[in-house]
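**Student:** Provide a 3D model corresponding to the input given below.
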Amino acid sequence: MSEGLNEITESLQILLSTGPGERLFFPLFGLQPPVFDVTSAASISDMRDRIVDTIEIYEPRIRVLNVTADTSALADGKVSFSIEFFVPEVNTRNNIVVPFVFEEGPTVASATLVEGGLANG
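**Tutor:** Numbering: from 1, shown residues only. Down below sits the predicted model:
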């Protein structure tokens, strides 16, 4: 049972740490991070929607139950998304935490996954 769950978690880690265009034969595969106004409530909500949409398209083995944003470190340019999901095949709920660090450049801001990838919960 845990083997299947580990495979799904690994798949989510790959999916959410890959940007569109990084995979030659799957150019749309991955999560498109926001590039402007990354600290607004609308941008956080948009990112949450992108996470759900990306998982629904590329990981059909699970159902996303909830995605919440932890903005407690937003002043430091960090937002973590907790993704709660259900795996029907093994009748199990699980969650992962996706930490993003937002970095500003001269004209744009972008989001990247924190070094080390995702945390399981």
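
**Student:** Where do the helices of this protein begin and end?
**Tutor:** 2-17, 41-58 (DSSP state H).

**Student:** hey, least reliable of these by pLDDT?
**Tutor:** Mean pLDDT is lowest for helix 2-17 among the helices of the chain, at a mean of 87.

**Student:** Name the residues of that helix that are buried.
**Tutor:** The neighbour-count check on helix 2-17 (16 or more other CB atoms under 10 Å) flags 5, 8-9, 12-17 as buried. Every residue, glycine included, has its C-beta placed from N, CA and C.

**Student:** quick revisit: right, so of the helices of the chain, which gets closest to Phe26?
**Tutor:** helix 41-58 (8.8 Å; CB to CB).

**Student:** Taking helix 2-17 as reference, get the angle to that closest one.
**Tutor:** Taking axes from the mean of the first three to the mean of the last three CA atoms, to 10 degrees, one finds helix 41-58 and helix 2-17 inclined to each other by 130 degrees.

**Student:** For the buried residues of helix 2-17, could you give me JSON lines that also reports distance to Ile62?
**Tutor:** Below are these laid out as JSON lines (distance: CB to CB, whole Å):
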{"residue": "Leu5", "distance to Ile62": "10"}
{"residue": "Ile8", "distance to Ile62": "6"}
{"residue": "Thr9", "distance to Ile62": "10"}
{"residue": "Leu12", "distance to Ile62": "8"}
{"residue": "Gln13", "distance to Ile62": "13"}
{"residue": "Ile14", "distance to Ile62": "14"}
{"residue": "Leu15", "distance to Ile62": "11"}
{"residue": "Leu16", "distance to Ile62": "13"}
{"residue": "Ser17", "distance to Ile62": "17"}
